[in-house]
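Student: Can you look at this prediction? I've put the sequence above it.
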Amino acid sequence: MRLLVQRVAHAAVEVEGKIVGQISHGLLVLVGFHRSDTEALLPKAASKLIQLRIFPDETGKMNRSVQEVGGSLLLVSQFTLYGRLEKGFRPSFVEAAPAEVARSLYEAFVSEVRRQAPSLPVATGLFGAMMNVHLLNYGPVTLMMEFE
């Protein structure tokens with residue numbers, strides 16, 4: 001499982017000209033699943049994401065979590081996080097979970113985040129849709145998290 005985490009001033013996901021998910025300050029998280037991933041990874045990944053201290057404290061040091069700063073999460077499925085480029089010029093996605101498996105894992109992950117942090121606002125994209133993701137990266141701060 002891979003999470004590409006971006007600290008944002010605001011972010012939104014648009015599908016066919018309509019906003020389907022948006023947040024003000026918080027974290028935009030692109031979520032990808034490997035073909036061997038299982039639901040066993042989700043509690044640890046959710047906990048790590050919720051507690052990730054990448055917002056500045058009063059001294060400017062990254063020492064606050066998204067909850068501590070009153071932020072939100074925008075979780076967006078993205079199978080291309082498992083794209084491989086070793087051969088040729090066209091990415092291979094054989095490492096990515098099949099759509100049916102990925103959908104189930106994505107929905108379970110969103111539920112797990114909401115279960116662990118019920119007061120944290122969580123918005124989502126639309127699984128499998130062609131999405132336009134708009135964001136203003138704050139920092140910029142972008143981190144890759146991997147769970148096996």
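Tutor: Okay, I see it.
Student: what mean pLDDT does stretch 12-31 have?
Tutor: Average pLDDT, stretch 12-31: 98.
Student: in that stretch, what counts as buried?
Tutor: Neighbour-count burial for stretch 12-31 flags 12-14, 20-21, 23, 25-31 (criterion: 16 or more other CB atoms under 10 Å). All C-beta atoms are positioned from the backbone trio N, CA, C, and that covers glycine.
Student: got the CA coordinates for that stretch in CSV?
Tutor: Output of stretch 12-31 as CSV, limited to C-alpha atoms (Å, rounded to 0.1, in the frame of the first residue of the first chain):
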residue,chain,number,x,y,z
ALA,A,12,-10.7,19.4,-4.5
VAL,A,13,-11.6,16.5,-6.8
GLU,A,14,-13.7,17.2,-9.8
VAL,A,15,-15.5,14.5,-11.9
GLU,A,16,-17.3,15.6,-15.1
GLY,A,17,-17.3,19.2,-14.1
LYS,A,18,-18.7,18.6,-10.6
ILE,A,19,-16.8,18.8,-7.3
VAL,A,20,-17.1,15.4,-5.6
GLY,A,21,-14.8,16.0,-2.6
GLN,A,22,-13.0,19.1,-1.2
ILE,A,23,-11.1,20.3,1.8
SER,A,24,-9.6,23.4,3.2
HIS,A,25,-6.3,23.0,4.9
GLY,A,26,-5.2,19.5,5.6
LEU,A,27,-3.8,16.5,3.7
LEU,A,28,-4.5,15.4,0.1
VAL,A,29,-3.7,11.7,0.1
LEU,A,30,-3.3,9.6,-3.1
VAL,A,31,-4.0,6.0,-2.2
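Student: how distant is it from the center of its chain?
Tutor: 11 Å (CA atoms, centre = their mean, to the nearest Å).
Student: Over to stretch 131-139?
Tutor: 12 Å.
Student: So for that stretch, what gets flagged as buried?
Tutor: Those would be 131, 133, 135, 138, for stretch 131-139 by 16+ other CB under 10 Å.
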